[in-house]
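> here you go, sequence then predicted model.
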Amino acid sequence: MASRTHPRTRVAVAAAVLSTFSSLALAVAPLATPAASASSGTASTVNVMAPLWIDDWQTSGPQWRAFTASLAVADAQGVDAVAVDVWWGAVEASRGTFDWAYYDKLFGAVVGAGLDLVPVMSFHECKSNVGDVCDISVPSFVWEPLEVCGFTGACSSIPADNFYRSEYGNDNHEAPSPWGSANRRTLQDMRDFMNAFETHVTTPGTDFADRIQEVTIGTGPAGELRYPSYAAHDSKVAGNPAGYPNRGTFQSYTPAAVTAFADWAVARYGSVAGVAAAWGIPGLTYSMISPPTDHERFIDSGAYHSITYGRDFTRWYNESLLRHGREVMTQAIDAFDGGLASVPLGLKVPGVHWQTMSTSPMQRAPEVAAGLIHTDQAYNAASTSHGYDGIANLVHDLDVNGDGTRTPTHHVLLHFTALEMPDGREWDGSAHAYSDAASLVSWVGAAATKAHIVLKGENALAGNLGSTGSASGPGWSHIRDAFSGATAYSGLTILRISDVTASGTTGRSEFERFIRDFG
């Protein structure tokens, strides 16, 4: 953890008044051992996100100057750290060759302003998600065919098969998938990248180790542990099932994924005949075992939760995602074994809040399609934290047991988005959203409390920071609610720094009020 000091007045006043407190300093405390819940109403860390990328960084142009000016404001406000996407595709264009120049300058600016760092290992592309204003792909070598050699020395190439393919046959290369012949190679590439990062930021001249509050590990699209179920590659499908606030599309249709599901089903029931009996499909053969092919009916009929096949598929789909999250996090635990060995590691999950109301005709289907929950459990009951015990238990196991082979040195914590959203929003403009987002925030909080893990939160959309919030509208009142009372949330990260440092804005005044009341 960082050892720096900086002004922390924790009061929401004008910048001119804030500057009079610049001589006050308070050390940032190290991350405590995870507790069942945070102290009531307390945010132990208040962070902001940097821009995804600053185009004119080399020339210190207008974008760069605006960013550095916002750092000075953030420090005066009492912000603890700045989260920075460390783009795999920007740093390692070819395997084993790393260019850290952008991050040397940006990290230097952040710590020079008196703020700490939260590097985000961004193993996904920047171009296809809401708010993406940059064009950075996953390194091309990730998708290269795999060279396989036999005992005789003869070699051949086989497809990597480690991307996503949707139920409509559309491919997505936003982030590596849990499946494919190149899966092991990709995990090693990720580990090599993190090893190189640790070496660089602990080397004299670029040593930022004691200013790193946490390293957040990207485990999927947008850096989140999820499938790209609401992504652009399916946007042209009739009815736009992948668009907000629709059901989402399943992403397990590459040959490797289909085979993995078939193998899982046979292992679960002991034989193909056992699968046939369990699913009530006489004459079922191995080649017939696949993810849903009648996608719309699978959701519309309720089969995703009402029949054994549907419950089995969603369980496998969710378990595959959790296994992938574990594998990526384990690479991080093993990679950061030197100068960053004691730095906490974060994992992020999204708030897929639409279709969560009990009146929704496809209740919880978007969360299922994203892989966050499965239906082979009481997924609408408090006994499973409405399905989120699986993710919370994964984080707990990583926190307590690390990679399972050595004494853990990292705490592992969870970040959850959509804190600014309200309950009971059946309509979002003209969209039939059926959103109970605030309940979702509490469900994840309950899972974190039960699992004894550290939980921190984020807003989902920067545009919502311009509102104080209301019973039916997003805004700051709901963020405040998440940190009030016996809350499980112990830290806040705001998307994005420019939205809470601009003069005369609701975002800035409400952010400063939050710091005063909860920081």
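Yep, it's here.
> report the longest helix in the chain, please.
As assigned by DSSP state H, the longest helix anywhere in the chain is helix 308-335.
> that one packs against which elements?
Contacts defined by 3 or more Cβ pairs under 8 Å, 6 or more residues apart in numbering; DSSP states H and E place helix 308-335 against helix 183-201, strand 215-217, helix 255-269, helix 272-279, helix 303-306, strand 345-349, helix 365-369, helix 389-401. C-beta coordinates here come from the backbone N, C-alpha and C atoms, glycine included.
> any idea of the angle it forms with helix 183-201?
30 degrees (axes from the mean of the first three to the mean of the last three Cα atoms, to 10 degrees).
> distance from helix 308-335 to the middle of the chain?
14 Å (Cα atoms, centre = their mean, to the nearest Å).
> quick one, that helix and helix 272-279 angle?
Going by the same axes, to 10 degrees, helix 308-335 makes 120 degrees with helix 272-279.
> state the mean pLDDT of helix 308-335.
Taken as a whole, helix 308-335 has a mean pLDDT of 99.
> list the contacts of the spatially most central residue of the chain.
Nearest to the geometric centre of the chain sits residue 224, at 2.3 Å (Cα atoms, centre = their mean). By Cβ atoms under 8 Å, 6 or more residues apart in numbering, the residues touching residue 224 are 218, 348-350, 417.
> then residue 110?
50, 71, 82, 84, 116-117.
> among those, which ones are in helices?
Members of these lying in helices (criterion: DSSP H): residue 71.
> out of the contacts of residue 110, who has the most neighbours?
residue 82 (28 neighbours; other Cβ atoms under 10 Å).
> report the beta-bridge partners for it.
Going by DSSP bridges, residue 82 is paired in beta bridges with residue 48, residue 117.
> quick check: the gap between it and residue 252.
Here residue 82 is placed at a distance of 36 Å from residue 252 (Cβ to Cβ, to the nearest Å).
> most distant residue from the centre of this protein?
Extreme point of the chain relative to centroid (Cα atoms, centre = their mean) is residue 152; 43.9 Å.
> could you verify that it is part of a strand?
No. Going by DSSP: H, G, I helix; E, B strand; the rest coil, the assignment for residue 152 is coil, not a strand.
> now for stretch 295-306, what's the gap between its first and last residues?
With Cα to Cα, to the nearest Å applied, stretch 295-306 spans 15 Å between its terminal residues.
> so residue 379 touches residue 365, yeah?
No. Using Cβ atoms under 8 Å, residue 379 makes no contact with residue 365, being 11.2 Å away.
> per-residue confidence for the residue farthest from the centre of the chain?
For residue 152, the model assigns a pLDDT of 85.
> just residue 436 next, same as before
In this model, residue 436 is scored at 99, pLDDT.
> and the contacts of stretch 460-470?
Contact partners of stretch 460-470, identified using Cβ under 8 Å, 6+ apart, comprise 130-131, 350-351, 353, 417-422, 459, 473-479, 494-496, 499-500, 505-507, 510-511.
> give me the buried subset of the residues you listed.
Neighbour counting with 16 or more other Cβ atoms under 10 Å marks 350-351, 353, 417-422, 459, 473-479, 494-496, 499-500, 506-507, 510-511 as buried within the contacts of stretch 460-470.
> how close does residue 42 sit to residue 485?
The spacing between residue 42 and residue 485, counted by Cβ to Cβ, is 11 Å.
> actually residue 262, not the one I wrote
Separation of residue 262 from residue 485 (Cβ to Cβ): 47 Å.
> hang on, the earlier thing: export the helices and strands packed on helix 308-335 to TSV and append columns for mean neighbour count and distance to residue 124.
Output for the helices and strands packed on helix 308-335, formatted as TSV (neighbours: other Cβ atoms under 10 Å; distance: least, Cβ to Cβ, whole Å):
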stretch	mean neighbour count	distance to residue 124
helix 183-201	19	11
strand 215-217	26	11
helix 255-269	18	18
helix 272-279	17	34
helix 303-306	18	26
strand 345-349	24	11
helix 365-369	28	18
helix 389-401	21	18
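> save those as JSON lines, and put in distance to residue 325 too.
Output for these, formatted as JSON lines (distance: least, Cβ to Cβ, whole Å):
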{"stretch": "helix 183-201", "distance to residue 325": "12"}
{"stretch": "strand 215-217", "distance to residue 325": "9"}
{"stretch": "helix 255-269", "distance to residue 325": "16"}
{"stretch": "helix 272-279", "distance to residue 325": "27"}
{"stretch": "helix 303-306", "distance to residue 325": "22"}
{"stretch": "strand 345-349", "distance to residue 325": "7"}
{"stretch": "helix 365-369", "distance to residue 325": "15"}
{"stretch": "helix 389-401", "distance to residue 325": "6"}
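> looking at these, which is nearest to residue 285?
Closest of the helices and strands packed on helix 308-335 to residue 285 is helix 272-279, at 6.5 Å (criterion: Cβ to Cβ).
> same for that closest one, what does it pack against?
helix 255-269, helix 308-335.
> spatially nearest residue to residue 394 (excluding sequence neighbours)?
Sequence neighbours aside, residue 322 is the residue nearest to residue 394 in space, at 5.3 Å (criterion: Cβ to Cβ, 6 or more residues apart in numbering).
> cool, residue 198 as well?
Residue 198's closest residue in space is residue 340 (Cβ to Cβ, 6+ apart), at 4.9 Å.
> separation between the one you found and residue 303?
46 Å.
> ok, residue 122 next?
Distance, residue 122 to residue 303, by Cβ to Cβ: 36 Å.
> ok, and for the helix or strand that contains residue 299, which residues are buried?
Element membership for residue 299 (DSSP states H and E) is helix 295-300. Neighbour counts over helix 295-300 (16+ other Cβ under 10 Å) mark 295, 298-299 as buried.
> closest to residue 273 among those?
residue 298 (23.7 Å).
> tell me which residues touch that closest one, please.
By Cβ under 8 Å, 6+ apart, the contact list for residue 298 reads 292, 304, 310.
> change it to 6 Å
By Cβ atoms under 6 Å, 6 or more residues apart in numbering, residue 298 lies in contact with 292, 304.
> burial count for residue 86?
24.
> check which helix or strand covers it.
For residue 86, the enclosing helix or strand under DSSP H and E is strand 81-87.
> residues in contact with whatever helix or strand comes next after that strand?
Where DSSP H and E defines the elements, the next helix or strand beyond strand 81-87 is helix 88-91. By Cβ under 6 Å, 6+ apart, the surrounding residues in contact with helix 88-91 are 98-99, 123, 136-139, 193.
> what does stretch 426-441 give?
With contact meaning Cβ under 6 Å, 6+ apart, stretch 426-441 is reached by 245, 351, 353-357, 360, 418-419, 421-423, 425, 478, 482.
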